[in-house]
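In: Provide a 3D model corresponding to the input given below.
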Amino acid sequence: MGSGGRSTRHKEGHAIKRAPADKPPFTLAQIKMAIPPHCFERSLIKSSYYLVHDLVIVAAILYLATAVIPLLPAGLTRVTAWTLYVVAQGCAATGVWVVAHECGHHAFSDYQLLDDVLGLVLHSCLLVPYFSWKFSHRRHHYNHASMENDEVFVPEQKAVLAWYAPCVRNPVGRLLFLAGHLTVGWPLYLTLNANGKAYPRWANHFDPYGPIFSDRERVQVLVTDVSLLAVWFAVFKLASAFGFWSVVRVYGAPLLIVNAWVVLITYLHHTHQALPHYDSSEWDWLRGALATMDRDYGVFNRVLHNVTDTHVLHHLFPAMPHYHAMEATKAIRPLLGDYYKRDATPIAKALWREAKECIFVEPMADRKGVLWYSNKI
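Out: Residues are numbered from 1 along each chain as shown. Model (predicted):
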């Protein structure tokens, strides 16, 4: 089957079956027909329920932290309590992040203006440039798995590997790579376009006249910048009133958890030895959309509104609300067959494995336009 359907091997010895790389024997219209029609319906009431649910949890965690933790004995007990708060609040806030992401895909309601206003407010509070990222993320969906045109998680080829790439092959270097990836990977992408599409000049998500954006998008990017400045001003005023470290504990540290979740989820969706990438001689939209991996995060699947284990479906129909995604995924799996990929490897093990084995992509000898991950430097 061309370059697809073959097996490669992990160093542990078990075979990994690659996704087919030939054009699928089905169309997007046929996939859509396999899904119950109600799965495409957006409900403002249901979407609002999930948002309010998440915001109530965020508020409850914040209240408990500020009301109870100061009463605990100073020292290890209080440090432990604040650590638990940061992790719990970061997880809950990531659920809000996912809802705002749905607003960007017009999956929250039937009203585009409402989706954009709500998404702008929610993402700005999480220091995400809503419209800017909405535009670049939309192009990621349009061009997924294209070596030339994808917007993010564009893998390097062997001939142009970064200087630090060989270091990732040893455990210490790999640990440092993952630590940096999870802590500063998201802000570096937004500000420096790290791991993003190559542009002829510096690209970032805050410059309305940057190469990422078209002329008709520049005003909305500016609106995004103003919204973020307003949030930063509010943070400054809170720090002035309650103290810098109080704001870091309550707001800044949980945002680090949110950012880590965003990088972890997206990295594992798009990085796996079974997933192909394509150059312009082979790429088409459907094959690119299918070149992603569903993962199993256990109880966190629900916390994160199943964005984790329905990503294949999301790339096919990004405007579908998350609360229909599980049903729709189940409906399309028989039709997709081997084109559907899911890996239930425990997340920590999968993260370590992918960082070890997916260092660059290279074409097969018999099919230059299809590229696969490798680590044989």
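In: buried ones in stretch 41-52, by neighbour count?
Out: Of the residues in stretch 41-52, 42, 46-47, 50-51 count as buried by neighbour count, 16 or more other CB atoms under 10 Å. To be clear about C-beta, it is placed using only N, CA and C from the backbone, and glycine gets the same treatment.
In: do the same with stretch 129-139
Out: 129-137.
In: of all the residues you listed, which comes closest to H101?
Out: Nearest to H101 among the buried residues of stretch 129-139: H137, at 7.9 Å, using CB to CB.
In: mind listing the helices for the stretch 101-250 of the chain?
Out: With DSSP state H, counting those that start in this stretch as the criterion, the stretch 101-250 of the chain has helices at 112-125, 130-142, 171-192, 218-242, 244-247.
In: report the central residue of the chain.
Out: The chain has T266 as the residue nearest its centroid, 3.2 Å off, counting by CA atoms, centre = their mean.
In: so that residue makes contact with F153?
Out: Yes: T266 lies in contact with F153 (CB atoms under 8 Å); the separation is 6.7 Å.
In: could I get the contacting residues of the closest residue to R201 other than its chain neighbours?
Out: Leaving aside its sequence neighbours, R201 sits nearest to P211 (CB to CB, 6 or more residues apart in numbering; 6.1 Å). Applying CB atoms under 8 Å, 6 or more residues apart in numbering to P211 gives the contacts 199-201, 203.
In: go again with 10 Å.
Out: The neighbours of P211, taking CB atoms under 10 Å, 6 or more residues apart in numbering as the test, are 193, 197, 199-204.
In: repeat for L72
Out: Going by CB under 10 Å, 6+ apart, the list of residues near L72 reads 78-82.
In: among those, which are in strands?
Out: Under the assignment DSSP state E, the contacts of L72 contribute nothing to strands.
In: of these, which is the most crowded?
Out: Counting neighbours by other CB atoms under 10 Å, the top entry in these is A81, with 18 neighbours.
In: residue boundaries of the helices in the stretch 251-377 of the chain?
Out: With DSSP H, counting those that start in this stretch, the ranges of helices along the stretch 251-377 of the chain come out as 253-270, 285-290, 300-303, 311-316, 325-336, 347-357.
In: for L176, which of those helices is the nearest?
Out: helix 347-357 (10.5 Å).
In: quick one: mean pLDDT over that closest one.
Out: Mean per-residue pLDDT for helix 347-357: 96.
In: hmm, who's touching that helix?
Out: 8, 10-12, 16, 168-171, 173-175, 177-178, 181-182, 264-265, 267-268, 270-273, 293, 295-298, 300, 308, 343-346, 373-376.
In: go again using 8 Å as the cut-off
Out: With contacts defined as CB under 8 Å, 6+ apart, helix 347-357 is touched by 10-11, 168-169, 174, 177-178, 264, 267-268, 271-273, 295-297, 343, 345, 373-375.
In: buried residues of that helix, list them for me.
Out: 347, 350-357.
In: in CSV: the buried residues of stretch 41-52, plus pLDDT.
Out: Shown next, in CSV, are the buried residues of stretch 41-52 (pLDDT from 0 to 100):
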residue, pLDDT
R42, 98
K46, 98
S47, 98
Y50, 98
L51, 98
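In: tell me the one among these nearest to P334.
Out: P334 has its nearest neighbour among those in R42, at 25.6 Å by CB to CB.
In: wait, is that closest one part of a helix?
Out: No: secondary structure of R42 (DSSP: H, G, I helix; E, B strand; the rest coil): coil, not part of a helix.
In: which of the helices of the stretch 101-250 of the chain is buried the deepest?
Out: helix 130-142 (a mean of 21; mean count of other CB atoms under 10 Å).
In: pull the distance from it to the chain's centre.
Out: Computed by CA atoms, centre = their mean, to the nearest Å, the chain-centroid distance of helix 130-142 equals 12 Å.
In: now do that helix against helix 171-192, angle only.
Out: Interaxial angle, helix 130-142 versus helix 171-192 (axes from the mean of the first three to the mean of the last three CA atoms, to 10 degrees): 120 degrees.
In: what's in contact with helix 130-142?
Out: Residues contacting helix 130-142 (CB under 8 Å, 6+ apart): 100-101, 104, 116, 119-120, 122-124, 149-152, 190, 196, 205-206, 212-213, 217, 220-221, 223-224, 227, 285, 289, 315, 318.
In: hmm, try it at 7 Å
Out: For helix 130-142, contacts defined as CB atoms under 7 Å, 6 or more residues apart in numbering pick out 104, 119-120, 123-124, 150-152, 205-206, 212-213, 217, 220-221, 223-224, 315, 318.
In: then stretch 236-256?
Out: Taking CB under 7 Å, 6+ apart as the rule, stretch 236-256 contacts 62, 65, 82, 86, 89-90, 93, 126-127, 183, 235.
In: quick check: mean pLDDT across it?
Out: pLDDT averaged over stretch 236-256 gives 98.
In: cool, stretch 79-98 as well?
Out: The pLDDT scores in stretch 79-98 average 98.
In: mind listing the strands for the stretch 1-150 of the chain?
Out: 7-9, 15-17 (DSSP state E, counting those that start in this stretch).
In: for the biggest strand by length in the chain, which positions count as buried?
Out: If you go by DSSP E, the chain has its longest strand at strand 367-374. Across strand 367-374, burial judged by 16+ other CB under 10 Å covers 367, 369-374.
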